[in-house]
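> Model the structure of this input:
(chains A, B, C and D)
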4 protein chains.
Amino acid sequence: MAVQVSVIGSGAEHEGRAEEVGRLLAARGCTVVTGGGNEVMAAAARGAKAAGGTTIGILPGEGRDDANEWIDHVVVTGIGHARNLAVAASGQVVIAVGGSWGTLAEIAFARRLGRPVVVLEPGWEVEGGGIERATSPEQAVELALAHL
Amino acid sequence: MAVQVSVIGSGAEHEGRAEEVGRLLAARGCTVVTGGGNEVMAAAARGAKAAGGTTIGILPGEGRDDANEWIDHVVVTGIGHARNLAVAASGQVVIAVGGSWGTLAEIAFARRLGRPVVVLEPGWEVEGGGIERATSPEQAVELALAHL
Amino acid sequence: MAVQVSVIGSGAEHEGRAEEVGRLLAARGCTVVTGGGNEVMAAAARGAKAAGGTTIGILPGEGRDDANEWIDHVVVTGIGHARNLAVAASGQVVIAVGGSWGTLAEIAFARRLGRPVVVLEPGWEVEGGGIERATSPEQAVELALAHL
Amino acid sequence: MAVQVSVIGSGAEHEGRAEEVGRLLAARGCTVVTGGGNEVMAAAARGAKAAGGTTIGILPGEGRDDANEWIDHVVVTGIGHARNLAVAASGQVVIAVGGSWGTLAEIAFARRLGRPVVVLEPGWEVEGGGIERATSPEQAVELALAHL
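Down below sits the predicted model:
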């Protein structure tokens, strides 16, 4: 079983950095887990595939067709926003890139379950142990992989 | 159907204020929804019952025996931390009293679904629209009910 | 906390019997738990309210407005069909009236969690321990309450 | 994205047939999806790996260590038995081998979502459209793949 890292977030303005995070993770041999959707989720998966990596998409809906085209393995949960728990839990470490309320829920669930979280700036400002901040995709991946 | 207000949070040091929030909500005719467990959840339900109110507990486990003794109506979800989504969604407005990571997930889910949130200080510092801060149980309940 | 009995099922042709089940349960002091929707779910709640009882509706969607008008206490889960687990688990015993695939999932979950199930005929033919069959609403309620 | 087939079931006595189903699916290029646990779930994954295939395990708990050793990609859902919905939904077709109540819930969810189901005999006797029965692993896989 390969190391799995979840990349969470949203916001079209963060896609470039998310793609770089996905590329770097794949280059380091990690499988990239995302929520399978668009924007940051799609960019991270696209980056991982560009580097020859493997991707998992954990979807909220009831059909597989909602997955973006860079997803290798699709999990159709049917549980809506509660799938955010599965996205957070399925990474051994979590990297947040941008994001709104759903991302905050994933950060909180990740910490609740003891998964380390790296927030790539600019991103959610969350107080509390187990959350590190990075200023570049390279640093985010380095901080994340240092936990493994 | 009565107005339903979710009271979320944790931490034994916040029980007194949670009990007062529950009491005030019941006095205003609201049903108090919580996660059904201990500390803040139990205190809010205890306060509601002391004022003759009604309580709903939404449990994470698979049995009803985990509910605290002040729960009138128990929902056994069996979905672990994903029940936090149901707790946030089942209130027309949400009041947070203390709390740790699970509470932060509930605040995030509440906002994701458009439920107004009132944080009783001291509590989670969360940036973003739709979150108000109160300095007393009275003010928290006033701010919450103003949304209805 | 009152005794809670879940009434599950679907099919407009079963509404009359579901309403009678709801009425009889309420007359015996039980709170009626359903999925909160239409047909059998609405009929059981309507019967319970006609007899002065209390009802809980556990909804699959993200809003409370989907609840039928006979629901007193509404739980908004946001988890789609996975809410069937909560409907099955929240009854101390389960009565099935008609129903399709979703009802079968609830019967299976109820048995998985050790909840006794009474199938009001005609209904799902399921082999396995812990499932009784009744030929009238009266018998269904008698068999169900005998477990408490 | 490869074709994904879910193999569901339980019971140590069914492991030989489950392993053969997994082997045949992998030989046909399908990714095998299971609940990630023991008995039938482990056997199907073991068979798939023996044939050089790929496996996904969708776990009910909060940690990845519960996955059997033949799982390539692990999804940690944290939602208990509600993960059965995700197991059923993540296959484009579902093959049932043995099984108890949890398997019946998965069959029901698969049909609720329109996924074809093949029951390898002996197995759950379920009336209703969309369910075929097979007398050998070879026939089960043939019937399943005919839907794709």
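> Strands along chain A, start to end?
With strands called from DSSP state E, chain A shows them at A:4-10, A:31-34, A:55-59, A:73-76, A:93-98, A:117-120, A:131-134.
> Remind me what the last one packs against, helices and strands.
Okay, so that is strand A:131-134. Strand A:131-134 makes packing contacts with strand A:117-120, helix A:137-145 when contacts are defined by 3 or more CB pairs under 8 Å, 6 or more residues apart in numbering or on different chains; DSSP states H and E. From N, CA and C alone the C-beta is placed, and that goes for glycine too.
> How confident was the prediction at the residue of chain A found nearest chain C?
Residue of chain A nearest chain C, by CB to the nearest CB: residue A:79 (4.2 Å). At residue A:79, the model reports a pLDDT of 98.
> looking at it, it is touching residue D:79, isn't it?
Yes - because the distance of 6.9 Å satisfies CB atoms under 8 Å, residue A:79 is recorded as touching residue D:79.
> okay, and the common contacts of these two?
Overlap between the neighbourhoods of residue A:79 and residue D:79 consists of B:82, C:82, taking contacts as CB atoms under 8 Å, 6 or more residues apart in numbering or on different chains.
> State the distance from the residue nearest to residue A:11 when sequence neighbours are not counted to chain D.
On the basis of CB to CB, 6 or more residues apart in numbering or on different chains, the spatially nearest residue to residue A:11 that is not a chain neighbour turns out to be residue A:98, at 3.7 Å. As defined by CB to the nearest CB, to the nearest Å, residue A:98 lies at a distance of 23 Å from chain D.
> who's in contact with residue A:98?
Applying CB under 8 Å, 6+ apart to residue A:98 gives the contacts A:9, A:10, A:11, A:13, A:14, A:17, A:18, A:40, A:120, A:122, A:123.
> The nearest residue to the last one once chain neighbours are set aside and residue D:71, how far apart?
To tie it back to what came earlier, the one meant is residue A:123. Taking CB to CB, 6+ apart, and ignoring the residues beside it in sequence, residue A:123 has residue A:96 as its nearest neighbour in space, at 5.4 Å. Between residue A:96 and residue D:71 the distance is 26 Å, computed by CB to CB, to the nearest Å.
> More neighbours: the two, which one.
residue A:96 (31 against 25; other CB atoms under 10 Å in any protein chain shown).
> Give the bridge partners for the more buried one, please.
With DSSP bridges as the criterion, residue A:96 is bridged to residue A:8, residue A:119.
> quick one: which of the contacts of residue A:98 is nearest residue B:1?
Each of those was checked against residue B:1 using CB to CB; the closest is residue A:10, at 33.6 Å.
> need the residues of chain A near chain C, please.
Taking CB under 8 Å from any CB of the partner chain as the criterion, chain A approaches chain C at residues A:62, A:78, A:79, A:80, A:81, A:82.
> thinking again about what came up before, any idea which of the strands of chain A is most buried?
Between those, strand A:31-34 has the highest mean count of neighbours, a mean of 30, where neighbours are mean count of other CB atoms under 10 Å in any protein chain shown.
> Name the residues that touch that one?
Strand A:31-34 has contacts (CB under 8 Å, 6+ apart) with A:2-8, A:22, A:25-26, A:40-41, A:44-45, A:47-48, A:53-58, A:71, A:87, A:90-91, D:73.
> at 6 Å instead, please
Strand A:31-34 is touched from outside by A:2, A:4, A:6-7, A:22, A:25, A:41, A:44-45, A:48, A:54-57, A:90-91, with contacts defined as CB atoms under 6 Å, 6 or more residues apart in numbering or on different chains.
> Please apply the same query to stretch A:53-60.
For stretch A:53-60, using CB under 6 Å, 6+ apart, the contacting residues are A:26, A:31-36, A:45, A:48, A:66-67, A:70-76, A:80, A:83, A:86-87, D:73.
> rewinding a little: just confirm the residue nearest to residue A:123 contacts residue A:125, I think it does.
No - with contact defined as CB atoms under 6 Å, residue A:96 does not count as touching residue A:125 (11.3 Å).
> Find the centremost residue of chain A, please.
residue A:7 (1.0 Å; CA atoms, centre = their mean).
> any idea of the pLDDT on it?
pLDDT, residue A:7: 98.
> Give me the neighbour count for residue A:92.
A count of nearby residues for residue A:92, using other CB under 10 Å, gives 21.
> And it, its phi and psi?
Reported as degrees, to the nearest 10, the phi and psi values for residue A:92 are phi -80, psi -20.
> What of residue A:37?
Note on residue A:37: its backbone torsions stand at phi -90, psi -140 [degrees, to the nearest 10].
> Not counting sequence-adjacent ones, nearest residue to it?
Closest residue in space to residue A:37, ignoring its immediate chain neighbours: residue A:68 at 6.6 Å, by CB to CB, 6+ apart.
> so that neighbour makes contact with residue A:44?
No - taking CB under 6 Å as the definition, residue A:68 is not a contact partner of residue A:44, at 9.8 Å.
> When the two are compared, which one has more neighbours?
Looking at residue A:68 and residue A:44 with other CB under 10 Å, you find the greater number of neighbours at residue A:44, namely 35 against 21.
> In contact with that one, which residues?
Under the criterion of CB under 6 Å, 6+ apart, the contact list for residue A:44 reads A:7, A:18, A:21, A:22, A:32, A:34.
> hmm, back to that, out of the helices and strands packed on strand A:131-134, nearest to residue C:140?
For the helices and strands packed on strand A:131-134, distance to residue C:140 was read as CB to CB. The smallest value, 50.5 Å, belongs to strand A:117-120.
> quick one: contacts for residue A:45?
By CB under 6 Å, 6+ apart, residue A:45 lies in contact with A:34, A:55, A:68, A:70, A:71.
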